[in-house]
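Undergrad: Sequence and predicted structure below; questions after.
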Amino acid sequence: MLLIGETYMPKHNYQHGTSFGDALLWRITPMDDKDYITRIEFEERGKRIDDENRRQNHRLDKLEKIADQLTDMAASIKAMVVTMQGMQKEQERQGKRLDDIEEKPSKRWDLLVNTVLTVIATAAVTLLIKGGM
C-alpha cells in the first residue's frame with residue numbers, strides 16, 4: 001500500500017520538521033492504517049495520472065507544431081527584411097538616376113540661356129566697337 005501523495009516507505013511516514021539553515025530536518029513517524037490506500041485506489045490514481053499525461057502530451061504536441069510554425073515565420077520575415085533592404089537600396093539608386101534625368105533639361109535650358117546671352121552680349125559689344133570706329 002502507498003501513502004496518498006507520498007512515495008512508499010514501509011512502516012514509516014516522513015514528515016517535514018523544522019529547517020536549519022539550508023538543510024531541512026525531517027522526522028520519521030510510524031504510519032497508521034489510515035495512511036495506506038487500497039490497490040483499487042492506487043490503480044485509479046495511476047489511470048488518472050496516465051490520462052493527464054496523455055492530455056499534457058497532446059498539448060505539448062500542439063505547442064511544438066506552433067513553435068515550428070513560429071520558427072518558420074521568423075525565418076520568412078528575416079528573408080523578407082533582407083529582400084526589402086535590397087529593394088530600398090535599389091530604390092535609392094533609381095531615385096538618384098531620376099534626379100539626374102530631371103535635372104538634364106534644366107541644365108540644357110540654363111546652357112541655352114547662357115549661350116543666347118553670350119551671343120547677345122558679344123553682338124552688342126561688337127556693334128559698339130564697330131560703331132565707334
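TA: That came in fine, so what should we check first?

Undergrad: Can you list the residue ranges for helices in the protein?
TA: 39-131 (DSSP state H).

Undergrad: which residues of it score low on pLDDT?
TA: 1-33, 35, 132-133 (pLDDT under 70).

Undergrad: same thing but 80
TA: For the chain, the stretches with pLDDT under 80 are 1-36, 131-133.

Undergrad: Relative to residue 81, how far out is the residue nearest the centre of the chain?
TA: The structure's the chain has its C-alpha centroid closest to residue 74; by C-alpha atoms, centre = their mean the separation is 6.1 Å. For residue 74, the distance to residue 81 equals 11 Å [C-beta to C-beta, to the nearest Å]. No exception for glycine: its C-beta is placed from N, CA and C like everyone else's.

Undergrad: Repeat that for residue 69.
TA: Applying C-beta to C-beta, the value for residue 69 to residue 81 is 19 Å.

Undergrad: same deal with residue 70?
TA: 16 Å.

Undergrad: still on that earlier bit, now for the residue nearest to the centre of the chain: which residues touch it?
TA: By C-beta atoms under 8 Å, 6 or more residues apart in numbering, the contact set of residue 74 is empty.

Undergrad: can you list the domains in this structure?
TA: 1-37, 48-116 (automatic domain parsing).

Undergrad: Distance from the chain centre to the last one, please.
TA: Relative to the mean C-alpha coordinate of its chain, domain 48-116 is positioned 14 Å out (C-alpha atoms, centre = their mean, to the nearest Å).
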